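From the sequence below, what's the structure:
(chains A, B, C and D)
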Number of protein chains: 2
Amino acid sequence: MDIKIVDVAAKAGVSPATVSRVLNNNSNVTARTKEKVMKVIDELGYQPNAAAKNLRSQRSMIIGVIVPEINNSYYAEVIKGIENKAYAQKYKVIICDTGNNKEKELDFISLLMNKTADSMILVTPHLSDEELCHIADMNYLIGIVGRRVDHDKIPCVYTDNVKFSKEVVSHLVEQGHRKIAFLSGYADAVDSYERLEGYLKALREHHIPFHPELIENGDFSEKGGYEAMKRLIEKQADFTAVYAANDEMALGVYKACAELGIRIPEQLAVVGVDNNRISRYIQPKLSTVNQPKIKMGRAIVEKLINQLEHDEPAQERVLVLDSELMIRESSLTRAAKIAES
Amino acid sequence: MDIKIVDVAAKAGVSPATVSRVLNNNSNVTARTKEKVMKVIDELGYQPNAAAKNLRSQRSMIIGVIVPEINNSYYAEVIKGIENKAYAQKYKVIICDTGNNKEKELDFISLLMNKTADSMILVTPHLSDEELCHIADMNYLIGIVGRRVDHDKIPCVYTDNVKFSKEVVSHLVEQGHRKIAFLSGYADAVDSYERLEGYLKALREHHIPFHPELIENGDFSEKGGYEAMKRLIEKQADFTAVYAANDEMALGVYKACAELGIRIPEQLAVVGVDNNRISRYIQPKLSTVNQPKIKMGRAIVEKLINQLEHDEPAQERVLVLDSELMIRESSLTRAAKIAES
DNA sequence: AACGATTCGGAAATCGATTTCAATCTATTT
DNA sequence: AAATAGATTGAAATCGATTTCCGAATCGTT
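As a prediction, the model looks like this:
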């Protein structure tokens, strides 16, 4: 059987309380006793039972992370950042992959709130602000990555969708495009909404009329992008560039173009968002927006742990990080390409 | 404050024991009492405290998963399989990303063994068989994905490295290659070793002499593959095909070829292993070996839960799944390509 | 109606650590 | 040497559920 604190205490000739003190606060224990106890702990290979510790201390040292899809480099990198920072601070990370299923997501949330996780990080386009606030109002600490929620108990780390969206469209305009289609993600997702907003604002600034038929919805997946692109073509929409709400959807556009014999970027410019790993490898290389994903993960963990351990947040509740437009081949006209080289 | 079982008991006019019975075994509770208690549970939104439950029941319903790198579609997909099956069985999953750091890996293992996780799944090339057996000997349940360990307490799910390695080499030979380089992963990893073994066996079967200078070591990363390829070139090794121990390394080969102006597959055939997502998107499409990653994840969870809940494993301890050679563009000579179309 | 056999439900022990409170020991001051 | 303050240590309570053990209630049978 496992070794318990009483076993250590017995062998060291002290009380369990002393062993506990040696392992934790360390306050008021003679160097001599401490050494004696440590020796026994080493000898027996004692490790405190996590369940007992959690119960008594009301802490699990676990942070839950809820993502729509783990096998997507955007989320995988955010997780990597979370995991890294958490490990450095002695927290463990429970990952929940919802497969973009909202029901499963809510299930996970209630599953982790029972003291399984001290706090949760949500990277989700599916829950409404109200739902998120409701969790925080139950006095459960959550952090959000990738969007902003206005609730004074919810730390958020994100990039400015509107801002980079405008940059994307401006870049396309600079490349000579005026008929730019926008492929949105889930219609109700904040990201979709804000990226659309940036798109519209940029059009206005460049005095380009808005054509509603150039908007199509997808679901942030390759398949969704493919189908949205097909729909654009079918309805004979007139456009020379596509701004896809994320790289996955841009991949779908590539697929549709391959099937239809449309050459990128000669006949159609394409830009995505996320700087997924694939975007660098695909031909032509996909122009996209890079977000500091690992940094975002690290930052949210930092905020959460701060709040967990000092109760009051020492720093700003929200953190807006810079994104970077990565201009690659898919959005450069030949002329521009030559000029670049 | 949170609602506790005594609160429910008080409001329902029963004892905590009864509430517990309603929630768990259900034995010996009148339908009437049960209903009454359930009503109160719903009203109060009661959720049993996980820490208390874990302590008393000696179960955490958590499975730990240790992987070298989460942002790699091989591991991400295995995790997906694990996560899915675990969720269906009401288990949660703690993910530990070791970043290929063995020390961190050992740290994670001891961190989870303190009753934090009921069991652990290791997807690691870094630990020796002895180290793995040692964990199992401490009476802690672990499962292995991707390799075989001979210990009657350790369930394993994997594919036959030697077998598919031979298939890869045979395929290259059929394409007319006789000078085939092999880029290994970590020199001490089982995967590297077995894939090399398959390579050697295939050469022998095809009566092709073995040239040691055609072997280079990497570390399963793109960078490692790139550097290994560079070394092959520098020492002016004579070869027309490269078999990389995984797709990441094959990506490195692509990069080196791009720099050196070597055309794939015309001047050099390339095959990888893993069927990483990128392998389908890169130009030319990379020939590789597909492993049923999600299935592997699901299978190991099934075995572990079986063992956890029925103590004795009901099924076979090891499961060898079939892999599939995916012949794509990177290993097809022009002639073959035309013949195919 | 009386009896035994079940079923149901409560009191209390338990899981293994932490922490409070009080007791003891040490050291310093007078 | 005595008194007192402060540092160490231990006994026991505690965290919140589950489970054992036992008494009470219910049921069926004669």
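
Could I get the buried residue list for stretch A:97-105?
Neighbour counts over stretch A:97-105 (16 or more other Cβ atoms under 10 Å in any protein chain shown) mark A:97-98, A:100, A:104-105 as buried. Using the backbone N, CA and C atoms, a C-beta is placed for each residue, glycine as well.

Any stretches of the stretch 201-341 of chain A with poor pLDDT?
Within the stretch 201-341 of chain A, the stretches with pLDDT under 70 are A:311-314, A:334-341.

Would you mind naming what in it lies close to chain B?
A:251, A:277-278, A:281-283 (Cβ under 8 Å from any Cβ of the partner chain).

The residues you listed, buried ones only, as a ChimeraX selection?
The ChimeraX selection below is limited to those of these classed as buried (16+ other Cβ under 10 Å):
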select /A:251,277,278,281,282
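
tell me the two of the residues of the stretch 201-341 of chain A next to chain B that are most distant?
A:Arg277 and A:Gln283 (14.7 Å; Cβ to Cβ).

Any figure for the gap between A:Pro125 and A:Glu167?
21 Å (Cβ to Cβ, to the nearest Å).

go on, A:Leu260?
Following Cβ to Cβ, the distance that separates A:Leu260 from A:Glu167 is 28 Å.

more neighbours, these two?
A:Glu167 (18 against 12; other Cβ atoms under 10 Å in any protein chain shown).

what's the nearest residue to the more buried one if we skip its chain neighbours?
Among residues not flanking A:Glu167 along the chain, A:Leu325 sits closest, at 4.9 Å (Cβ to Cβ, 6 or more residues apart in numbering or on different chains).

again with A:Val65
A:Ile121 (4.8 Å).

three-state assignment of that neighbour?
strand (DSSP: H, G, I helix; E, B strand; the rest coil).

Then A:Tyr243?
strand.

Mind listing the residues bridging to it?
A:Phe182, A:Val271 (DSSP bridges).

Now do the same contact list for it.
A:165, A:168-169, A:172, A:180-183, A:199, A:271 (Cβ atoms under 8 Å, 6 or more residues apart in numbering or on different chains).

got a markdown table for those, with neighbour count and distance to A:Asn54 too?
Converted to a markdown table, those look like this (neighbours: other Cβ atoms under 10 Å in any protein chain shown; distance: Cβ to Cβ, whole Å):
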| residue | neighbour count | distance to A:Asn54 |
| --- | --- | --- |
| A:Ser165 | 26 | 44 |
| A:Val168 | 28 | 46 |
| A:Val169 | 26 | 50 |
| A:Leu172 | 25 | 53 |
| A:Ile180 | 23 | 53 |
| A:Ala181 | 25 | 52 |
| A:Phe182 | 26 | 48 |
| A:Leu183 | 30 | 46 |
| A:Tyr199 | 25 | 47 |
| A:Val271 | 30 | 47 |
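
ok, so of those, who is nearest A:Arg56?
The closest of the contacts of A:Tyr243, once distances to A:Arg56 are taken by Cβ to Cβ, is A:Ser165, at 49.5 Å.

So chain A: which segments form each domain?
Chain A breaks down by automatic domain parsing into domains covering A:5-48, A:61-159+A:292-322, A:161-290+A:326-340.

right, so of those, which gets closest to DNA strand D?
DNA strand D lies closest to domain A:5-48 among these, at 3.4 Å (Cβ to the nearest atom of the strand).

which stretch of helix or strand covers A:Gly198?
helix A:190-205 (DSSP states H and E).

for A:Ile95, same thing?
strand A:92-97.

quick one: average pLDDT of that strand?
For strand A:92-97, mean pLDDT rounds to 94.

next one: stretch A:39-46
pLDDT averaged over stretch A:39-46 gives 94.

Report the distance from that stretch to the chain centre.
41 Å (Cα atoms, centre = their mean, to the nearest Å).

Just give me the longest helix of chain A.
helix A:293-310 (DSSP state H).

Counting neighbours, which bits of that one end up buried?
A:293-308.

For the nearest residue to A:Gly272 once chain neighbours are set aside, list the residues it contacts.
Using Cβ to Cβ, 6+ apart and skipping residues adjacent in sequence, the residue nearest A:Gly272 is A:Ala250, 3.3 Å away. Contacts here follow Cβ under 8 Å, 6+ apart; on that basis A:Ala250 touches A:225, A:242, A:244, A:270-272, A:279, A:286, A:288, A:330.

Looking at the buried residues of stretch A:97-105, which is nearest chain B?
Closest to chain B out of the buried residues of stretch A:97-105 is A:Asp97 (4.8 Å), distances taken as Cβ to the nearest Cβ.

want to try a markdown table for the contacts of A:Tyr243, with distance to DNA strand C as columns?
Putting those into a markdown table (distance: Cβ to the nearest atom of the strand, whole Å) gives the following:
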| residue | distance to DNA strand C |
| --- | --- |
| A:Ser165 | 48 |
| A:Val168 | 51 |
| A:Val169 | 55 |
| A:Leu172 | 58 |
| A:Ile180 | 59 |
| A:Ala181 | 59 |
| A:Phe182 | 54 |
| A:Leu183 | 53 |
| A:Tyr199 | 53 |
| A:Val271 | 53 |
